[in-house]
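Asker: I'd like to go over a predicted model; first the sequence, then the structure.
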Amino acid sequence: MEGVEEIVIAGAGLAGLATALGLHRKGVRSVVLESSATLRASGYAFTTWTNAFRALDALGVGDKIREHHLLYERLVAFSASTGEAAAKLSLKMQGKSGPHEIRCVKRNFLLETLENELPEGTIRYSSKIVAIEEEGNVKLLHMADGSTIRANVRHLLDAVHVFLSAPQ
């Protein structure tokens, strides 16, 4: 269908950008609609574990993230009353697939890395969806700026609730 976006992802957060990049790596074009004018990098950092890095490796950005974030080797818990080390735990433990990988990752760095791996024009900023209307096999996405985007019903993705039916 000409003039219809095949895959639309609502939200340029971690889930939306990772979904778009995964599709891009498979040769599938998508469009990410982000309501804000820029990448929203609220929140400072979060701890990532082995499975997160497996996913980042699958997206082709794991090594870029590793280069800028230290690998945790141990955890030390201190007593609130004495200030002394109350417990120590090595984080070099082995999992079923090898050593665990635990790093504190800056949220904005991860978002920017994902954004930079996407083709120009994949993310449309200042694109807030205000209403969705059905028109046969197409969804009409009414935008805050008054424009309308036509999207294939089978491939309208929400970054939090992913709805992707099997190809027919």
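Answerer: Cool, got the structure. As the structure is a prediction and not an experimental result, all values here were calculated from the model.

Asker: And the pLDDT for residue 163?
Answerer: Here the pLDDT value assigned to residue 163 is 36.

Asker: Ok, residue 90 next?
Answerer: At residue 90, pLDDT is 83.

Asker: which residues touch the residue nearest to it when sequence neighbours are not counted?
Answerer: Closest residue in space to residue 90, ignoring its immediate chain neighbours: residue 74 at 5.4 Å, by C-beta to C-beta, 6 or more residues apart in numbering. Heads up, the C-betas are built off the backbone N, CA and C, glycines and all. Residue 74 makes contacts with 88-92, as judged by C-beta atoms under 8 Å, 6 or more residues apart in numbering.

Asker: phi, psi of residue 74?
Answerer: phi -150, psi 160 (degrees, to the nearest 10).

Asker: Report the separation between it and residue 117.
Answerer: Taking C-beta to C-beta, to the nearest Å as the measure, residue 74 falls 32 Å from residue 117.

Asker: Repeat that for residue 53.
Answerer: 16 Å.

Asker: out of those two, which sits in the busier spot?
Answerer: Using other C-beta atoms under 10 Å as the criterion, residue 53 and residue 117 rank with residue 53 on top: 20 against 17.

Asker: hmm, back to that, separation between the residue nearest to residue 90 and residue 96?
Answerer: 21 Å.

Asker: Of the contacts of residue 74, which is the most crowded?
Answerer: Compared across the contacts of residue 74, residue 91 has the highest neighbour count, 14 neighbours, by other C-beta under 10 Å.

Asker: ok, that residue - contacts?
Answerer: So residue 91 contacts 72-75, 100, 102 (C-beta under 8 Å, 6+ apart).

Asker: Of the residues you listed, which belong to strands?
Answerer: 74-75 (DSSP state E).

Asker: For PyMOL, write the selection for the buried entries among the contacts of residue 91.
Answerer: Those of those that count as buried under 16 or more other C-beta atoms under 10 Å are selected in PyMOL with:
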select buried, resi 72+100+102
